[in-house]
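> any chance you can model this:
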Amino acid sequence: MGKYFGTDGFRGVAGRELTAYHAFRMGLAIGTYCKQMRRDDKDKVRAVIGKDTRRSSYMLEYAIAAGLSASGADAYILHVCTTPCVSYVTASESFDAGIMISASHNPFYDNGIKVIGSGGEKLTDLATDLLEELMERDDLPMAEGEEIGRIVDHYSGRNRYIGYLISLSRHSFKGCRIGLDCANGAAFSVAASVFAALGAEVHAIGCEPSGTNINDGVGSTHPEKLSELIRKEKLDFGFAFDGDADRCIAADERGSIVDGDDILYILAKGMKESGELHGETVVTTLMSNTGLYTALEKTGIAHTEVSVGDKYVWERMKECGYSLGGEASGHIIISKYATTGDGILTAIKLTERIIESEKPLSALHAPVVKLPQLTLNLPTRNKAKATSAEVLAAREDAEKSLRGEGRVTVRASGTEPLIRITVEAKSQEVCEKIANGLRSVIEAKEDAL
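Residues are numbered from 1 along each chain as shown. Got it, this is the predicted structure:
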C-alpha cells in the first residue's frame, strides 16, 4: 500500500485525511495519467464519476470533476450510483477511467476514491503507484482555452446499468417476497426498482439517506435488520448491501444470515451443474471459512486462495480463466457479467438459483458447516505492527497450538486504521482465548510506541 491508496482506493476521514484539495489533485492526476496511457490524442480523455450518499461525496465529486477538466479531460457525472455501475459504464461506453466516491462499509464521516481502468477493472498496484507520483508533482500541465474539459450530466449511464441488470435474469421473480436493505447508500437508487421490474414483491429498508446515516445500523455490516424484516413480514429471503453496493449478504426465510462464503458455495454448485464453472474452481481469500472448503470438496469443486481484496480475487480469476470468486464479506465476482464485486447482480443470480432449485435458501446453504470464527478489530496508530517480529511469532505459536484444527490471521486493514485478528478453531472458547492473547501482544506493542 502506498501513501494514499490502500487495498480499495484512497480512503480516510473526509475533510481531514481526504480533502477537496486531495480530490482536485486526484482528478488532475487521473486526467494526466489517461493522456499518457493513450496511443493518440485525437479525442479528449473522458472519465465518468459516481458517488454514494455521504454528505462529503458531493464536495469530492465537484473537486474531482474540476481536476479532470483542468487537465483537459471531460468529466461525466453519474450522480448517486453503485461502484459496479461505474465499472459497467466505464467499460461499456469506452471511458478512459471511472471514479467512484465512496468509503464502502465505513461510517459516513469517512470517504474514499476508487479508480477504475478503461476495461472496468480496478487499477493494478503499479498503476496506483504512478497516480500517486503524479499527485505529488507540482508541475502537471493545466489546460487553457478550448482545451479545458467539459463537465457533463450523465444520468443516462445509470439508467443503462439498471436495464443491464434487469436483462440478466433468466426468470421472472413473480411470487418471490424479497427483503432489501440498501444501507441508506447507493443501492437505494437502483436495487428496489430492479427487483420490482423483475416481478418480485419488494420490502425495502435503508432507503432514506440523509448524508450522515449510511451504514448506520443497517446494510451488510448490520444484517440483523434484514433478518428482523424477513421474520416480521414472513418473507422468502432477502439481501443487504453496503454503502456502494459492491457487497451482498443474504438472509434465508428463517432470518439466518447467509454470508459470502455461503453464497459462493450455492453459486459454485449451480454453475458446476450447468457447466459454467470454468476449471471447477472458486477463487477465495484467506478470510474464507474452512467450512466452505469442506463443502466445496464434497461437491468436487476446488478452490484457490488470494490476499484479501476483491481486486486480488479478480486478478486470479482473469489470470486463470476462472468464472467465480469472492470474499466472506460479500464481494462476489461472476466473470461472465462483471469485473468487480456487484451486490445487486449477486442477489439476482442467487434468486435465480433459489427459483431453479425449487428449494428454500436455508436448504441451499445448509451443507456449509462453518468452524467457529472470531474477528477482533483493533484501532491502531501504526498498522505496520501487524507484521512486527513479536506479532508474527505470537501468531505462529497460536496456530501451532491449534494442531491443524483451525487457523489464525493477523493483518492490517486496507480500508481503515485497524489491525484485524481472525481466529478459526473447533470452539468459540478457543477462538476467544487465542484472539485475546494476540490482542494483548499487539496492544503492548502499541503502548511501546
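
> what about the residue sitting furthest away from the middle of the chain, distance to residue 72?
Computed with C-alpha atoms, centre = their mean, the residue of the chain farthest from its C-alpha average is residue 145, at 39.4 Å. Distance check for residue 145 against residue 72: by C-beta to C-beta, to the nearest Å, it reads 10 Å. Placement of C-beta: from N, CA and C, glycine included.

> related to what we said a few turns ago, for residue 127, see how far away the residue farthest from the centre of the chain is.
For residue 145, the distance to residue 127 - C-beta to C-beta - is 30 Å.

> cool, residue 392 as well?
For residue 392 relative to residue 127 (C-beta to C-beta), the value is 30 Å.

> out of those two, which sits in the busier spot?
It is residue 127, of residue 392 and residue 127, that has more neighbours when counted by other C-beta atoms under 10 Å, with 15 against 12.

> assumed that one was part of a helix.
Yes. Using DSSP: H, G, I helix; E, B strand; the rest coil, the assignment for residue 127 is a helix.

> who touches it in this structure?
33, 115, 117 (C-beta atoms under 8 Å, 6 or more residues apart in numbering).

> in this structure the second one contacts residue 134, no?
No. Contact criterion C-beta atoms under 8 Å: residue 115 and residue 134 do not qualify, at 11.7 Å.

> give me the more crowded residue out of these two.
A direct count of neighbours by other C-beta under 10 Å for residue 115 and residue 134 places residue 115 higher, at 22 against 18.

> please tell me how far the more buried one sits from residue 201.
38 Å.

> before we move on, what about residue 391?
Where residue 201 is concerned, residue 391 sits at a distance of 50 Å (C-beta to C-beta).

> those two: which has the busier surroundings?
residue 391 (20 against 16).

> and the more buried one, backbone torsions?
phi -70, psi -40 (degrees, to the nearest 10).

> with residue 401 instead?
Per degrees, to the nearest 10, the backbone of residue 401 is at phi -70, psi -20.

> which non-adjacent residue is nearest it?
residue 434 (7.1 Å; C-beta to C-beta, 6 or more residues apart in numbering).

> that neighbour contacts residue 426, correct?
No. With contact defined as C-beta under 8 Å, residue 434 does not reach residue 426; the gap is 11.5 Å.

> of these two, who's got more company?
residue 434 (24 against 13).

> where's the more buried one, which helix or strand?
helix 428-448 (DSSP states H and E).

> report all helices and strands that that helix contacts.
strand 373-379, helix 389-401, strand 407-412, strand 418-424 (3 or more C-beta pairs under 8 Å, 6 or more residues apart in numbering; DSSP states H and E).

> which among these is found nearest to residue 290?
strand 418-424 (6.1 Å; C-beta to C-beta).

> name the helices or strands packed onto the closest one?
strand 373-379, strand 407-412, helix 428-448.
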